[in-house]
Every structure is written in C-alpha cells, then in structure tokens.
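**Student:** Sequence and computational prediction follow.
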Amino acid sequence: MSDDFDARLLEIQARHDRISAEMAEPGVAVDPERLRSLGKAFAELEEIVAPYREYREALRQSTDAREMAAQEDDADMVSFLNEEAEQALMRAGEIRARLESLLVPKDPNDGKDVIVEIRAGAGGQEAALWAGELFEMYRRLAERSRWKTEVLSSSPSDLGGYKDAVLEIRGRDAYARLKHESGVHRVQRVPVTESSGRIHTSTATVAVLPEAEDVEIDIRPEDLVIDVYRSSGPGGQSVNTTDSAVRIVHLPSGIKIECQEERSQLQNREKAMRYLRARLLQRAQDEAAAKEAAARRSQLGSGDRAEKIRTYNFPDGRVTDHRIKHTSHQLSDVLEGGEELDGFIDRLNSAERAQQLADGPSEEAS
C-alpha cells in the first residue's frame, strides 16, 4: 500500500512539473484557451503536490532528528531530538491522511442539489405513516444544514403520512451528504392502529437523485405528453377549482411525473420538469455504472431500492445501519435530523473513501 501510495504521488508530481514547464513556454502565453486549460490542471494537481511536499519534508525532518540523536552523547539532547523526530512523524501521518482523501476520485455529483423520493413500502397505513416520518427527518436535517427545501410532489395518506413524497433539497454538499440514504428503511414498532400491542415491521423506500442541469439532459418536446387536470387532496377532496395539476409522460423512457403542489399550472410544470430531468439523469448514470467492470461501492451496497439499508427499532430506541454495522441508541435524535443522523452520514462517507482507496487508483486519479 505504501509503495503504491508513493508511486501515485510521484506520478502526480511529475505531471505537475510537466504542466508547469509547458506553461512557461512562450507559445502558450499567446493561446488563452490552452493557458486556461493548463492553469486549471496545474491548480488541481497543486492541491495534492503542495501537501505531498510537506509530507516528504516532515519525513526528512524525522529521519534527520533520529540520525542526530544516534550521534549525540548528551542525554537531554537525545531526548529532545527523539521528541522532535516523533512530532515530525506524527505531522507526516496527519498529512498522509489528508493526501489519501485527496487521492480518492471525486463523485461528479457531490456538489449538486438533490431530489429525495420517499415511498411507502410494505405495511399498508403504517408504511405511509413511516414514510411521513422519514420525510420530516430529511426536512429537519436540511433545515439544520441551512439547505433550502421544496416539495415537488406528494400523495398524502388518509390517516396521515404519505403514500409517496418528493422533496427537492438545495444547498452546499447536499448530494455528498445524502447519497447513501438511498434504499429501504425498515421500522419495527407497535402501530397506532394495532390494538393487541404486537410489534409490526414496515418499510419505506428512499431514493436520492442528483438534480440535473439543463445541459446534462436533452429532452425533446416531441418526446413529452403533457396533461393538465384538477388538483385533489386526500380521499379525492377537491383542492383547486382550476386545471393546475400537471402530468408529464416521457415517451422514450416511460417515466411519468405528476405535480399538483402549487396553485399555478406553470409552477407545477417547472417542478415536474426538474423532477423528470433528475430521474433521467439517474437512469443514464445507472446504465453507465452497470457497464463498468468493477463496482467501487461494494462495501456500501448497490444503493438499490430493494436493498434494506437501515432498521429503526422503536421498542429498543435504536437505529442500525446494516452496511457499516453501526448502531445508535439515540433514535429520537436521528428522527429529528440531529447529530446522530450526521454520525451515520459521516461513517458512510468514510467507508466509501476507504473502499475506494482499497480498490486502487482510477484513471482520473492516476
């Protein structure tokens, strides 16, 4: 691992030096586009090369201090030099940890806003109530993270909760923080509708989709069938007396999107199109990932909607993530979108980075 680590960093430094030399050539200065391209590449490599220089300098200082201590007769000076060597080695270790994180290829979606789909699964009315609680959990997490939220679509259940709900979350690192929430969330508790006090198991499905930019997904108008209809509430209750609800069907994929959250037909259409673009981007990325020879996220699971990722046990007040084998006994804080939920997110991201490092360098990182 150490040899591979050093080899990768030496190659990055060599590329950095080649680009630096090329930028100094007279012909490059008169080609603004080429200069801009080289400058961007140089800045990206400098983020790794600069701490690599610090790492090597810290190792050199540690080695020099050890060698000086071996030649010293004064006990106090030997102790001082050995302490200096140890501190330099610790500093090198801290820098190495930073470098390992920098060598992990970045997920191109990490900086994007997200669309979170939550759907009731097995368990009937209790599953709908559970889907509603997950919806509130992510909404509270977003609020605490100072992200903006907007409901794109929802189908309330008669007794509370949602048959399905779609939440748009906009803010820094939203996808990077939420991407591992995709999967089946299982709840174990006594439902409010259960008279005998028996514990039931119900599920809800969460899918986290990176929001697509217009330039990423080309949607042809002729591929869309757009219908408008009158909005309705739970149980068919009329909400709006105008045809403001929008249904969009994307013919090539068969994806159907409905939105009736707003009183304006135009606003519902804009929301539905954002949702459709995210669904199409996710579809394209899933197809591309399926063609790759090696899956880089085997430790975290596929993220498939059929995969149970987490169990929330109310009688014991605990939450267990099955991918990283981590359990918290702060169930209420997790459901409040608090720091305990952050703890799960941090551990999942750390596990992803560890798996990527174990898999070895990708083309982009090498």
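**Tutor:** Yep, it's here. Numbers count the residues shown, from 1 in each chain.
**Student:** pLDDT below threshold where in this structure?
**Tutor:** 1-3, 214-216, 232-242, 288-307, 357-366 (pLDDT under 70).
**Student:** quick one, domains of it?
**Tutor:** 2-103, 114-290+306-358 (automatic domain parsing).
**Student:** Adding mean neighbour count, write those out as JSON lines.
**Tutor:** Backbone N, C-alpha and C define where each C-beta goes, glycine included. Output for those, formatted as JSON lines (neighbours: other Cβ atoms under 10 Å):
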{"stretch": "domain 2-103", "mean neighbour count": "14"}
{"stretch": "domain 114-290+306-358", "mean neighbour count": "17"}
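**Student:** which strands and helices sit next to the helix or strand hosting Asp333?
**Tutor:** Using DSSP states H and E, Asp333 maps to helix 331-335. Counting contacts by 3 or more Cβ pairs under 8 Å, 6 or more residues apart in numbering; DSSP states H and E, helix 331-335 packs against helix 125-144, strand 308-313, strand 318-321, helix 339-359.
**Student:** chain center to it, what's the gap?
**Tutor:** How far helix 331-335 lies from its chain's middle: 20 Å, per Cα atoms, centre = their mean, to the nearest Å.
**Student:** Of the helices and strands packed on helix 331-335, which is nearest Leu209?
**Tutor:** For Leu209, the closest of those is helix 125-144, at 13.1 Å, according to Cβ to Cβ.
**Student:** now the angle from that closest one to strand 308-313?
**Tutor:** 100 degrees (axes from the mean of the first three to the mean of the last three Cα atoms, to 10 degrees).
**Student:** So which other helices or strands are in contact with helix 125-144?
**Tutor:** strand 114-120, strand 148-156, strand 162-170, strand 183-189, strand 200-210, helix 331-335.
**Student:** for the ones you listed, which one sits closest to Leu35?
**Tutor:** Each of these has some distance to Leu35 by Cβ to Cβ; the shortest is strand 200-210, at 31.7 Å.
**Student:** same for the helix or strand following the closest one, what does it pack against?
**Tutor:** Sequence order places strand 224-229 as the next helix or strand after strand 200-210, per DSSP H and E. Packing partners of strand 224-229 (3+ Cβ pairs under 8 Å, 6+ apart): strand 245-250.
**Student:** relative to strand 148-156, how tilted is the strand it packs on?
**Tutor:** Using the same axes, to 10 degrees: strand 245-250 against strand 148-156 is 90 degrees.
**Student:** Strand 245-250 packs against which elements?
**Tutor:** strand 224-229, strand 255-259, helix 265-291.
**Student:** can you give me the helices for the stretch 1-150 of the chain?
**Tutor:** Under the criterion DSSP state H, counting those that start in this stretch, the stretch 1-150 of the chain contains helices at 2-23, 26-29, 32-70, 75-103, 125-144.
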